[in-house]
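A.B. asks: The sequence and its predicted three-dimensional model are supplied below.
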Amino acid sequence: HLQSKRGSGFYVASRALRSSQAFRDALGAFVAGAMVFCLVLVFESVRNWLLYRAVDDALGAALGTGGIYLRRAGLLRAEGTAGQSIVAGLTASIAMGLFLYIGGLIRSLPWRAACFGILTLGLIAALARAPWIGTVFMFLVFFALGPSPMSNLLKMGGVFVGAAILLVLTGADDRVIDFL
């Protein structure tokens, strides 16, 4: 009986996504949901208040985190409904990776930039290093496997060097190092 429950998820997924359009729709639905989730993370970070912790307290449910507000460099590590900031960051990171694939389907550049910005802010709001590293690795792999990989990787390297120079010139480099 347990084996049939384990296999049912695969059975449903293998029958539901029969076309590439259905696959893109499923990925788009995940990214859209993750964008709402990232907005919750940004809200929690800006307000310095774990929104769903109050729901947990009101319902008497135990998330297993012990009611601790985790902080890094004096800022709240947002967790949203994930219950832990690392899980929240990984959710945002995975959504960014999927957005690399489906983002090209959004014709409007301002909408594409807004979606990317929301996912980026959510990833930052979690203040979790592992998802940041994973996201950089996803970008490297995506650009290395795409068309004209050397050009794309050089552009990405240029963005990193430019960002590092900007951080040093503005004096924000110490603050960024505190996050790491």
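C.D. replies: Okay, I see it.

A.B. asks: Let me know the distance separating the residue sitting nearest the centre point of the chain from residue 28.
C.D. replies: By CA atoms, centre = their mean, the chain has its centre lying nearest to residue 92, at 1.3 Å. Distance of residue 92 to residue 28, computed by CB to CB, to the nearest Å: 16 Å. Glycine gets a C-beta too; all of them are placed from N, C-alpha and C.

A.B. asks: Equivalent analysis for residue 36, please.
C.D. replies: Taken as CB to CB, the span from residue 36 to residue 28 is 13 Å.

A.B. asks: Which of those two has more residues huddled nearby?
C.D. replies: residue 28 (17 against 11; other CB atoms under 10 Å).

A.B. asks: can you tell me the helix or strand for the residue lying closest to that one once chain neighbours are set aside?
C.D. replies: Leaving aside its sequence neighbours, residue 28 sits nearest to residue 102 (CB to CB, 6 or more residues apart in numbering; 5.4 Å). Per DSSP states H and E, residue 102 falls inside helix 85-102.

A.B. asks: pLDDT weak spots in this protein?
C.D. replies: For the chain, the stretches flagged by pLDDT under 70 are 1-14, 54-57, 60-74, 177-180.

A.B. asks: which residue ranges form the strands in it?
C.D. replies: 71-72, 75-76 (DSSP state E).

A.B. asks: tell me how far the last one is from the chain's mean position?
C.D. replies: Okay, so that is strand 75-76. Centroid separation for strand 75-76 versus its chain: 17 Å, with CA atoms, centre = their mean, to the nearest Å.

A.B. asks: Show me what that strand packs onto, helices and strands only.
C.D. replies: helix 20-47 (3 or more CB pairs under 8 Å, 6 or more residues apart in numbering; DSSP states H and E).

A.B. asks: Now for residue 76, how many residues are close by?
C.D. replies: Residue 76, neighbours per other CB under 10 Å, totals 19.

A.B. asks: Skip the chain neighbours and tell me the closest residue to it.
C.D. replies: Residue 76 sits nearest to residue 48 (CB to CB, 6+ apart), 5.0 Å away.

A.B. asks: Spit out the contact partners of residue 120.
C.D. replies: residue 96 (CB atoms under 8 Å, 6 or more residues apart in numbering).

A.B. asks: how close does the residue nearest to residue 76 sit to residue 42?
C.D. replies: 12 Å.

A.B. asks: again, but for residue 88
C.D. replies: 11 Å.
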